[in-house]
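S.K.: Could you work out the structure for the sequence below:
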Amino acid sequence: MSLPNDFFTIELLLTYAGLLAAVYVIVMFTKPLMKKGSDVWVRPYAAGWAFILQLFVAFVTGKFTGEAKGVAAIIGLAFLNSILIALAAYGAHEVITDPKAASYKVAKTALKDAAPKSFDPYDPGVFKTYSSERKK
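M.R.: Numbers count the residues shown, from 1 in each chain. Okay, here's the model as predicted:
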């Protein structure tokens, strides 16, 4: 069995999974080079890389040889697809780095919203108040 010599090929970048993996790897390796602080810029940054990679693949495969309508359609679709790729790459990052974060946040918020502010489970008067409100 021989090991692969090329990890990313044009054929791989023509697939959703290949482009997603390429964007994820590029963004994760270049992210520390960007300014520190808020991560608001990460999604547009990933979308930019996805857009650039799609245009690169379209150029290399010869899809830009045609009339202006075809080129405009390729650029427009590359823009829309880059947003989907960026969101998927960002979601993959969240799942890989902290898989329980979202469910923990949802559960914590649900518990806060479910209980009244002055809820004391050891106070027997709490249950009388709730039962008297239901009778009304």
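S.K.: does the closest residue to K63 other than its chain neighbours sit in a helix or strand, and which one?
M.R.: Excluding the flanking residues, the one nearest K63 by C-beta to C-beta, 6 or more residues apart in numbering is I74, at 5.7 Å. All C-beta spots, glycine's among them, are computed from the backbone N, C-alpha and C. I74 belongs to helix 68-97 when elements are defined using DSSP states H and E.
S.K.: So which residues of the chain form helices?
M.R.: 10-13, 16-30, 42-60, 68-97, 101-114, 124-135 (DSSP state H).
S.K.: one step back: contacting residues for the residue nearest to K63?
M.R.: The contact partners of I74, taken as C-beta atoms under 8 Å, 6 or more residues apart in numbering, are 55, 58, 63-64.
S.K.: Show the buried residues in those residues.
M.R.: 55, 58 (16 or more other C-beta atoms under 10 Å).
S.K.: which of the contacts of I74 lies closest to T97?
M.R.: Minimum distance to T97 across the contacts of I74 is 28.8 Å, recorded for L55 (C-beta to C-beta).
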